[in-house]
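Visitor: this one's structure only:
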């Protein structure tokens, strides 16, 4: 079964705001700034938006609050939260709603001031009576458990984990919006303070402010709004658990399910993909996702990141904005994978542009490897 | 009137058993499968034919991490334990330094108290 409306919805505006630090602004302010940017790019105003998809860290009813703030009267207001993958979930839903004619213009928005406000990750999850007593330092301990198991089963090494962070930093050094820049070596990552073994502080994503937004419309209207629209060719989700203790297999994520479905919808295979934008909350994530998405066999993910293969100039560019590890991570990183995928396939990525990139994979992760959502985004030539 | 399902009050009854010195698991009579954490229906099947059975306490470390603290506080262990009865739970292994807990290590359950509440922890089962 493949009912996804391949290429029927197009992204005609995408923007970020407050990358890194945006002191003095609320999460809502940041989301609105990003949204205005995305709408301006599409030649639209808030009045054009008739479907709103949003998730803020500190407001469970942010769909209502955002509509009020900008004076929207959306026909569809979706506030679904599957963790950091929420915005790719929104992307999949928006494509269906647009194709069904339920709406004409969908806005997906996110903002967070977690760095300026809290200075640490803001958790939206309730305390858990079954894991809580053992005081895992979440989220890092959950990912550390996955990393330890992957190392045990496949011989993945701390050096290979470190390569993921080094690759991300090399991309960040080409991105003026990236929060962390400068040299980062494998030794730097390995000698950094341990947080929850085997992960150290440089294996962990940033804690930043930041917002992102994308505007979608039906493909038949896209050319009126963007010189180079980006088309959603496939988008699929899968969920396996919430708590890490309930993950069926710590070395296999639900991306093994969402990825193949999204790529089947798009009619592409991993070897067709030009750029990969993954939710790299921790260095183990891209290793797991490259395996589960089919870019390498299970267990080979660690070796895949060796030798700069995913870094600038490498054969398969991964996280070309610098990722959650070095660019931006305001708590829920998912929408930034979409924004960067759009930048790459529309040729708008500046000095980090991957030459000739036409087909991008964006992948969101939510919870503790819990929710996985994969999208395939292509330039007009891929329709 | 609400339908009479399992009648199990998962967390409350689990803790009451621990208070009485018993580490108990819920099991579906039909499938014979144990679950952890306890819930009112078996995951997957939705079966509510549940009964409490005593865990053997035997387990194997499935994964482990040492959570670092600011010195002089020592790091502590967080582990996922595969119980002999099948399900997996989060816990910690005591009696060895946090970083010395290894995947595959055989462990044995023990009930202890923390914050005025009984919890299950594990010791190496040498």
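Guide: Structure received. Remember, predicted model here, so these are calculated numbers, not experimental data. Residues are numbered from 1 along each chain as shown, chains lettered A, B, ... in the order given.

Visitor: partner residues bridging residue B:66?
Guide: Partner residues in beta bridges with residue B:66, using DSSP bridges, are residue B:77.

Visitor: Next one: it from residue B:106, what distance?
Guide: Spatial separation of residue B:66 from residue B:106 under the definition C-beta to C-beta, to the nearest Å is 19 Å. C-beta coordinates here come from the backbone N, C-alpha and C atoms, glycine included.

Visitor: Looking at those two, which has the bigger crowd around it?
Guide: Residue environment comparison for residue B:66 versus residue B:106 gives the larger neighbour count to residue B:66, 24 against 13, counting by other C-beta atoms under 10 Å in any protein chain shown.

Visitor: Assign residue A:210 to helix, strand or coil.
Guide: Three-state assignment for residue A:210 (DSSP: H, G, I helix; E, B strand; the rest coil): strand.

Visitor: Burial check on residue B:86, number of neighbours?
Guide: Burial of residue B:86, expressed as a neighbour count using other C-beta under 10 Å, amounts to 13.

Visitor: cool, and residue A:307?
Guide: Every residue meeting other C-beta under 10 Å relative to residue A:307 is counted, giving 11.

Visitor: and it, what are its phi and psi?
Guide: Recorded main-chain torsions at residue A:307 are phi 70, psi 20, according to degrees, to the nearest 10.

Visitor: Tell me where chain B is predicted with low confidence.
Guide: Under the criterion of pLDDT under 70, the regions of chain B flagged as low confidence span B:1-3.

Visitor: Now do the same contact list for the nearest residue to residue B:114 once chain neighbours are set aside.
Guide: With C-beta to C-beta, 6 or more residues apart in numbering or on different chains as the criterion, residue B:114 has its nearest non-adjacent residue at 6.1 Å, and that residue is residue A:133. Neighbour list for residue A:133: B:114, B:115, B:117, B:119 [criterion: C-beta atoms under 8 Å, 6 or more residues apart in numbering or on different chains].

Visitor: quick one: residue A:133 is in a helix?
Guide: Yes: per three-state DSSP, residue A:133 lies within a helix segment.

Visitor: just to revisit the earlier point, the contacts of residue A:133 into TSV, with extra columns for neighbour count?
Guide: TSV is the format used below for the contacts of residue A:133 (neighbours: other C-beta atoms under 10 Å in any protein chain shown):
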residue	neighbour count
B:114	11
B:115	7
B:117	12
B:119	18
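
Visitor: now those residues in a markdown table, with secondary structure?
Guide: Below are the contacts of residue A:133 laid out as a markdown table (three-state DSSP):
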| residue | secondary structure |
| --- | --- |
| B:114 | strand |
| B:115 | coil |
| B:117 | strand |
| B:119 | strand |
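
Visitor: Now render those as JSON lines, adding distance to residue A:22.
Guide: What follows is the contacts of residue A:133, written out as JSON lines (distance: C-beta to C-beta, whole Å):
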{"residue": "B:114", "distance to residue A:22": "40"}
{"residue": "B:115", "distance to residue A:22": "38"}
{"residue": "B:117", "distance to residue A:22": "41"}
{"residue": "B:119", "distance to residue A:22": "41"}
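
Visitor: now, which of these sits nearest chain A?
Guide: The shortest distance between chain A and any of these, using C-beta to the nearest C-beta, involves residue B:119 and amounts to 4.6 Å.

Visitor: Just flag the most distant two among the contacts of residue A:133.
Guide: Taking C-beta to C-beta as the measure, those span a maximum distance of 8.7 Å, between B:115 and B:119.

Visitor: list the buried ones in stretch A:268-282?
Guide: By neighbour count on 16 or more other C-beta atoms under 10 Å in any protein chain shown, the buried set for stretch A:268-282 is A:268, A:270, A:273, A:274, A:275, A:276, A:277, A:278, A:279, A:280, A:281, A:282.

Visitor: looking only at pLDDT, what's the mean for that stretch?
Guide: In this model, stretch A:268-282 has an average pLDDT of 98.

Visitor: First residue to last residue on that stretch, what's the distance there?
Guide: Distance between the boundary residues of stretch A:268-282 (C-alpha to C-alpha, to the nearest Å) amounts to 27 Å.

Visitor: and the buried residues of stretch A:268-282 near chain B, which?
Guide: The overlap between these and the neighbours of chain B (C-beta under 8 Å from any C-beta of the partner chain) is empty.

Visitor: and those as a markdown table, adding distance to residue B:72?
Guide: Formatted as a markdown table, the entries for the buried residues of stretch A:268-282 read as follows, by distance: C-beta to C-beta, whole Å:
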| residue | distance to residue B:72 |
| --- | --- |
| A:268 | 55 |
| A:270 | 49 |
| A:273 | 49 |
| A:274 | 51 |
| A:275 | 47 |
| A:276 | 43 |
| A:277 | 42 |
| A:278 | 38 |
| A:279 | 36 |
| A:280 | 33 |
| A:281 | 30 |
| A:282 | 27 |
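
Visitor: All the helices of the stretch 251-383 of chain A, residue numbers only.
Guide: A:255-266, A:284-292, A:301-304, A:334-345 (DSSP state H, counting those that start in this stretch).

Visitor: Please give the number of neighbouring residues around residue A:27.
Guide: Based on other C-beta under 10 Å, the number of other residues close to residue A:27 is 28.

Visitor: buried residues in stretch B:50-70?
Guide: Buried residues in stretch B:50-70 (16+ other C-beta under 10 Å): B:50, B:52, B:55, B:57-68.

Visitor: got the residues of chain A near chain B?
Guide: Counting by C-beta under 8 Å from any C-beta, the positions of chain A adjacent to chain B are A:129-131, A:133-137, A:141, A:144-146, A:148-149, A:152, A:193-199, A:243-246, A:250.

Visitor: Counting only strands, which of these make the cut?
Guide: With strands taken from DSSP state E, the overlap with these comprises A:194, A:195, A:196, A:199.

Visitor: Would you mind putting the residues you listed into JSON lines with pLDDT alongside?
Guide: Output for those, formatted as JSON lines (pLDDT from 0 to 100):
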{"residue": "A:194", "pLDDT": "97"}
{"residue": "A:195", "pLDDT": "98"}
{"residue": "A:196", "pLDDT": "98"}
{"residue": "A:199", "pLDDT": "98"}
